[in-house]
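Enquirer: coordinates for the following, if possible.
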Amino acid sequence: MGAQVQRTTVFLDRDGTLNHDSGYITSPEALILFPGVVESIARLNRSGSRLFLVTNQSAIARGLMTVEDLHLIHQKLREELEVGGGWLDGILFCPHHPEDTCDCRKPNPDLIQQATRELNVDVAQSYFVGDKSTDMKLAHTVGSIGVLVMTSQFSQEALDSMKHQNYNIGFVASSFPEAVDWIIQDARGRKWNEPDKLVKK
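Expert: Numbers count the residues shown, from 1 in each chain. So this is what the prediction gives:
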């Protein structure tokens, strides 16, 4: 793939983006990936992009699971990706309750800032793929290119929210594989100092 793709980072939401959002995912067995996710993540890996999972997991604060349970869930995710030749370069999560007013719960920027500080991520050349308005707001806040996937019950709300607020979504995809197709194509030709424009399918 082109060198331009190799300088990009892709942040990924989890529930509703990579897997079915059936409520709180509290066990490895409850993590069911959407079709094409494994292959698409492997494509991003091969393109040279760095991939970081960024996820809110308030089930920990609610007492529905422990941090160790979350690690087991993500171990399953890593194993499924590995079978398809893919991997994640890092996993960042917020364990707090929405009422805790922490700085790391999306759409707050602390998790992305952590990646910038500790993992040498250039957020100015990054994409954020998610299904919720919190994902798209976070992308806007940190200067990442938001890619909305219409794969959950929250996706239409996110699209409507964009129309009424002062932020853009770089692309709206019907599926995660379609989002990856667009990211790879866009990263090859994008002039990174140009503002992104809304493109919708």
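
Enquirer: count of residues packed around residue 185?
Expert: 12 (other Cβ atoms under 10 Å). Glycine gets a C-beta too; all of them are placed from N, C-alpha and C.

Enquirer: do you know how far it is from residue 191?
Expert: 14 Å (Cβ to Cβ, to the nearest Å).

Enquirer: name the element the residue sitting furthest away from the middle of the chain belongs to?
Expert: Most distant residue from the mean C-alpha position of the chain: residue 63, 24.5 Å away (Cα atoms, centre = their mean). Here residue 63, judged by DSSP states H and E, is contained in no helix and no strand.

Enquirer: could you do residue 172 as well?
Expert: strand 171-173.

Enquirer: list the contacts for residue 37?
Expert: Applying Cβ atoms under 8 Å, 6 or more residues apart in numbering to residue 37 gives the contacts 18, 19, 176, 177.

Enquirer: give me the below-cutoff pLDDT ranges for this structure.
Expert: Residues of the chain meeting the criterion pLDDT under 70: 1-6, 166, 193-201.

Enquirer: run the last query once more with 90
Expert: 1-7, 22, 101, 114-122, 161-169, 189-201 (pLDDT under 90).

Enquirer: count the neighbours of residue 30 for me.
Expert: Look at residue 30: counted by other Cβ under 10 Å, it has 14 neighbours.

Enquirer: residues touching it, list them.
Expert: Contacts of residue 30 by Cβ under 8 Å, 6+ apart are 22, 73.

Enquirer: for residue 106, see how far away it is.
Expert: Residue 30 is 21 Å from residue 106, by Cβ to Cβ.

Enquirer: could you do residue 97 as well?
Expert: From residue 97 to residue 106 the distance is 14 Å (Cβ to Cβ).

Enquirer: looking at the two, which one has more neighbours?
Expert: A side-by-side neighbour count of residue 97 and residue 106, using other Cβ under 10 Å, places residue 106 first with 24 against 15.

Enquirer: and the biggest strand by length in the chain, what does it pack against?
Expert: Longest strand in the chain by number of residues (criterion: DSSP state E): strand 50-56. Counting contacts by 3 or more Cβ pairs under 8 Å, 6 or more residues apart in numbering; DSSP states H and E, strand 50-56 is packed against strand 9-12, helix 37-47, strand 90-94, helix 110-118.

Enquirer: chain center to stretch 148-163: distance?
Expert: In terms of Cα atoms, centre = their mean, to the nearest Å, the gap separating the centre of stretch 148-163 from the centre of its chain is 14 Å.

Enquirer: kindly report the same for stretch 176-195.
Expert: 15 Å.

Enquirer: buried residues in it?
Expert: 176, 177, 178, 179, 180, 182, 183, 184, 186, 187, 190 (16 or more other Cβ atoms under 10 Å).

Enquirer: and if you look at stretch 21-40?
Expert: 21, 25, 26, 31, 33, 34, 37, 38, 40.

Enquirer: burial count for the closest residue to the fifth one other than its chain neighbours?
Expert: Right, residue 33. Nearest residue to residue 33, sequence neighbours excluded (Cβ to Cβ, 6 or more residues apart in numbering): residue 19, at 5.0 Å. As a burial measure, residue 19 scores 21 neighbours (other Cβ under 10 Å).
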